[in-house]
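**Q** Here is a sequence together with a model predicted from it:
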Amino acid sequence: MSEQAQTFEFQAETQQLLNLMIHSLYTNKEIFLRELVSNASDALDRLRFEALTRPELIGDDELEIRLEPDADARTLTIHDNGIGMNRDEVIANIGTIAKSGTRELMEKVRAGESEAQLAELIGQFGVGFYSSFMVADRVVLVTRRAGESGATRWESSGDGRYDLAEASRDSHGTSITLHLKAADGEDGIDDFTQEWPLRQVVKRYSDFVTYPVRLKVEREKPKLDDEGNPVEGGDTESVVEDLTLNSMKPIWTRSESEVEGDELKEFYRHISHDWNDPMQPIWLKAEGRFEYQALLFIPGSAPYDLYYMAFKAGLQLYVRRVLIMEHCEDLLPRYLRFLKGVVEASDLPLNVSRELLQQNRQMAAIRKGLVRKVLDTLRKMKQDEGERYLEFWGEFGRALKEGVGEEQDYRDRVIELLLFESSHGEELTSLADYVGRMGEDQNEIYYLTGESREAVAASPHLEAFRDKEIEVLYLVDPVDELMVQSLHEYEGKALKSVGKGTVDLTAEEDKEAKKKEMEELEESFSPLLEALQKSLDETVKQVRLSGRLTTSPACLVGAEHDYSPQLEKLLQKGKGGGAKQRRILELNPEHDIVRSLLDRHQADAEDGAVGDYAELLLGYATLAEGSELTNPVRFNSLVVELLSRGLAAEGG
Ligand code: ADP
Ligand code: MG
């Protein structure tokens with residue numbers, strides 16, 4: 001290939017982002033250094049990891065990040081001797097937006113957020129490499145991939161294009177030279193060629209970085225004589241000192257009380273690439289047979305893709321200071337995938353494969369320890385900080401519900417963390433609170449699934465429960481349906497759907513009388529029920545009298561093990577249709593309509609209107625539970641017919 005530079009166009013989104021950086025009003029422009037140091041640290045992590053199997057990649061080099069300011073040229077160069085990039089990687093990583101967060105930010109741009117709001121966003125989020133353009137009008141990157149000999153030079157002024165050329169570099173790693181804009185205090189551009197701003201910024205944002213961030217400084221020092229005493233006459237000489245600007249102490253090894261909130265937030269940002277502050281840190285230091293330390297975070301909000309299969313879960317796994325896995329999924333069960341953080345174990349082999357990890361006994365012990373700690377943290381939050389727990393629940397409750405079916409060791413503790421909507425009031429309730437409110441002769445925990453609180457609360461299935469003031473849980477989240485399939489009971493009380501099976505709320509002492517009454521009713525109703533069943537046979541598998549209605553004439557219910565209508569709808573979508581379950585139609589024997597229907601049928605078993613009314617009742621019950629009519633046209637024409645008949649009767 002020729003030495004000549006080749007020019008490329010930025011992806012449109014990338015250029016948009018660059019423009020944003022270039023013209024940003026955001027005054028905290030120093031964060032560019034945080035981003036570049038963070039990238040350098042990532043590159044060193046990757047090198048160290050590759051070197052586990054190819055030690056020759058590192059050789060005797062000490063891994064470091066070096067800042068090299070040049071006040072005369074007004075440049076600042078950030079060097080690292082990390083993994084570096086080859087030409088293709090430069091094109092893929094630096095010319096393209098891959099980061100999901102950046103994409104979200106760009107969506108906000110398109111959605112027309114104001115410039116001032118954007119400035120805020122940039123400050124909160126940090127947008128990686130491109131933030132260099134907040135302080136520089138030209139950026140030059142020279143990089144060489146470890147294990148390869150050639151180097152690549154990338155250069156851009158952020159004007160839609162970048163140039164690529166071959167270059168040379170003594171050793172692997174990356175150097176990024178920023179041609180700095182003029183320092184401008186008002187615009188938040190400090191003089192980043194000076195020692196103090198650099199020291200401050202590194203300390204503020206990057207103190208925990210595990211590699212030294214170094215800076216050479218010149219000092220005027222008193223000249224010393226051979227014995228080490230200042231020479232007479234107070235002569236000075238200039239001495240170059242190599243300073244390490246960060247303390248490098250891994251934050252998770254420090255004690256919780258000694259780490260400040262801001263440090264913790266920066267660390268979280270570094271490992272999670274999340275823009276917002278975390279909701280809660282979770283510290284864990286385990287001693288004994290297996291020693292490990294962990295610092296986990298509950299993020300401030302759920303990422304948009306948390307419930308997609310492709311969601312990238314996993315904690316960073318360190319073994320004796322070396323990051324050996326960026327996303328180790330085996331450290332937590334899937335339902336806790338929303339947690340971010342770091343685990344460091346001392347006794348794992350360094351070059352362990354994923355397969356071996358999965359079988360490793362220590363891994364299993366760590367996982368169990370982490371789960372216990374996380375669930376315990378949540379329990380305390382729920383107990384002591386109700387408001388915050390509600391916030392947590394709003395973001396991650398859905399994931400936690402998956403734990404009911406998934407958690408092996410601490411299932412009971414997961415169940416204690418669940419919250420539900422309920423007929424008791426607007427506030428969410430736990431199962432323990434529900435049980436605490438149960439009446440003496442109530443033996444079951446009642447629930448009803450549906451699409452929303454409103455839909456469920458209006459359901460006719462609840463009438464008798466409301467009448468008797470029996471609380472019903474409203475399960476209105478699509479995953480609830482699956483959850484109750486693995487949650488059969490709580491404290492010895494079975495969970496029972498009020499939309500399935502039969503319901504009998506008669507008090508113990510009235511049971512005998514009620515039974516007798518029902519038998520009589522059933523006897524007189526039986527010819528009608530049979531006739532209705534026949535005419536509705538296609539959609540209804542049984543027509544029977546109801547114990548759960550007080551004001552409505554009819555409702556639809558499922559058999560004990562049927563799917564709920566919502567789940568059925570979901571399943572049908574997946575299969576592209578398919579056979580529908582037949583339901584059970586329950587009639588309220590006390591209701592006028594039902595009584596009149598009985599009279600008509602008794603007077604004339606062949607009365608054709610009975611079939612029409614049966615269809616109308618079925619349509620009514622379908623709508624009442626929030627389902628869709630199978631044949632709305634037919635239902636409509638029946639209603640019209642009925643209306644005109646009714647009006648004619650009144651008029652005549
Ligand atoms: P992020 O760090 O979130 O991936 P950035 O915009 O900061 O996003 O960086 C984009 C990509 O460029 C990085 O993922 C990495 O692949 C590459 N990169 C940036 N800086 C370096 C570096 N110093 N050494 C090696 N690769 C780098
Ligand atoms: Mg980055």
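**A** Here it is on my side, so go on. Residues are numbered from 1 along each chain as shown. Ligands and ions are numbered 1, 2, ... in the order given.
**Q** Checking M106 next. Helix, strand or coil?
**A** helix (DSSP: H, G, I helix; E, B strand; the rest coil).
**Q** can you count the residues close to it?
**A** 18 (other Cβ atoms under 10 Å). Where you see a C-beta, it was placed from the backbone N, CA and C, and this is true even at glycine.
**Q** Skip the chain neighbours and tell me the closest residue to it.
**A** E13 (5.3 Å; Cβ to Cβ, 6 or more residues apart in numbering).
**Q** Show me what counts as buried in the stretch of helix or strand that neighbour belongs to.
**A** Taking DSSP states H and E as the definition, one finds E13 inside helix 12-22. Buried residues in helix 12-22, defined by neighbour count with 16 or more other Cβ atoms under 10 Å: E13, T14, Q15, L17, L18, L20, M21, I22.
**Q** What helices and strands are in contact with the helix or strand following it?
**A** Using DSSP H and E, the helix or strand that follows helix 12-22 in sequence is helix 31-53. Counting contacts by 3 or more Cβ pairs under 8 Å, 6 or more residues apart in numbering; DSSP states H and E, helix 31-53 is packed against strand 65-70, strand 75-80, strand 173-180, helix 195-206, helix 261-272, strand 322-328.
**Q** now do 6 Å
**A** strand 75-80, helix 195-206 (3 or more Cβ pairs under 6 Å, 6 or more residues apart in numbering; DSSP states H and E).
**Q** Could you measure from L332 over to Q280?
**A** Distance from L332 to Q280, counting by Cβ to Cβ, to the nearest Å: 15 Å.
**Q** between the two, which one's more packed in?
**A** Using other Cβ under 10 Å, the more surrounded residue of L332 and Q280 is L332, with 22 against 15.
**Q** The helix or strand of the chain with the lowest mean pLDDT: what's the following helix or strand?
**A** Sorting the helices and strands of the chain by mean pLDDT, DSSP states H and E puts helix 115-125 at the bottom, at a mean of 64. Next helix or strand after helix 115-125 toward the C-terminus (DSSP H and E): strand 136-144.
**Q** tilt between that following strand and strand 75-80?
**A** Strand 136-144 and strand 75-80 are oriented at 30 degrees to each other (axes from the mean of the first three to the mean of the last three Cα atoms, to 10 degrees).
**Q** Could you give the number of residues near whichever residue of the chain sits closest to ligand 1?
**A** Per Cβ to the nearest ligand atom, G128 is where the chain lies closest to ligand 1, at 2.3 Å. Residues near G128, counting by other Cβ under 10 Å, number 21.
**Q** I figured it hits V37, correct?
**A** No: between G128 and V37 there is no contact under Cβ atoms under 6 Å: 11.8 Å.
**Q** Run the contact check for the helix holding E13 versus ligand 1.
**A** No: with Cβ under 6 Å from any ligand atom as the criterion, ligand 1 is not reached by helix 12-22; the gap is at least 9.6 Å.
**Q** Show the average pLDDT along that helix.
**A** Across helix 12-22, the average pLDDT comes to 80.
**Q** Contacts for that helix next, please.
**A** Contact partners of helix 12-22, identified using Cβ atoms under 6 Å, 6 or more residues apart in numbering, comprise I97, M106, Y130, F133, M134, G158, G160.
**Q** from the chain's centre, how far out does stretch 538-548 sit?
**A** 42 Å (Cα atoms, centre = their mean, to the nearest Å).
**Q** sorry, back to before: to L428, which of the helices and strands packed on helix 31-53 lies closest?
**A** helix 195-206 (38.2 Å; Cβ to Cβ).
**Q** Buried residues, the closest one. List them.
**A** E195, P197, L198, R199, V201, V202, Y205, S206.
**Q** swap in stretch 604-624?
**A** V610, Y613, A614, E615, L616, L617, L618, G619, Y620, A621, T622, A624.
**Q** Next step: the residues you listed restricted to helices.
**A** V610, Y613, A614, E615, L616, L617, L618, G619, Y620, A621, T622, A624 (DSSP state H).
**Q** Would you convert those into CSV that also reports distance to ligand 2?
**A** Rendered in CSV, the data for those read as follows (distance: Cβ to the ion, whole Å):
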residue, distance to ligand 2
V610, 73
Y613, 69
A614, 67
E615, 64
L616, 64
L617, 64
L618, 60
G619, 59
Y620, 60
A621, 58
T622, 54
A624, 55
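**Q** which of the residues you listed lies closest to E426?
**A** Distances from E426 to those, taken by Cβ to Cβ, are shortest for A624, at 23.0 Å.
**Q** Provide a list of residues in contact with the spatially closest residue to that closest one that is not a sequence neighbour.
**A** Of all residues not flanking A624 in the chain, P460 sits nearest, at 5.0 Å (Cβ to Cβ, 6+ apart). For P460, the contacting residues are S552, C555, A624, by Cβ under 6 Å, 6+ apart.
**Q** hey, C-alpha coordinates of stretch 543-560 in PDB?
**A** Extracted in PDB, the C-alpha atoms of stretch 543-560 (Å, rounded to 0.1, in the frame of the first residue of the first chain):
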ATOM      1  CA  VAL A 543     -72.500 -23.300  30.500                       C
ATOM      2  CA  ARG A 544     -73.000 -23.300  34.300                       C
ATOM      3  CA  LEU A 545     -74.300 -21.300  37.200                       C
ATOM      4  CA  SER A 546     -71.900 -18.900  38.900                       C
ATOM      5  CA  GLY A 547     -70.900 -18.300  42.500                       C
ATOM      6  CA  ARG A 548     -68.800 -15.200  41.700                       C
ATOM      7  CA  LEU A 549     -71.300 -12.800  40.200                       C
ATOM      8  CA  THR A 550     -73.500 -10.300  42.000                       C
ATOM      9  CA  THR A 551     -74.400  -7.600  39.500                       C
ATOM     10  CA  SER A 552     -73.400  -8.900  36.100                       C
ATOM     11  CA  PRO A 553     -75.500 -11.500  34.300                       C
ATOM     12  CA  ALA A 554     -72.600 -13.500  32.900                       C
ATOM     13  CA  CYS A 555     -68.900 -14.000  32.700                       C
ATOM     14  CA  LEU A 556     -66.300 -16.200  31.000                       C
ATOM     15  CA  VAL A 557     -63.900 -18.300  33.000                       C
ATOM     16  CA  GLY A 558     -61.300 -20.900  32.300                       C
ATOM     17  CA  ALA A 559     -60.900 -24.400  33.600                       C
ATOM     18  CA  GLU A 560     -58.300 -24.800  36.400                       C
END
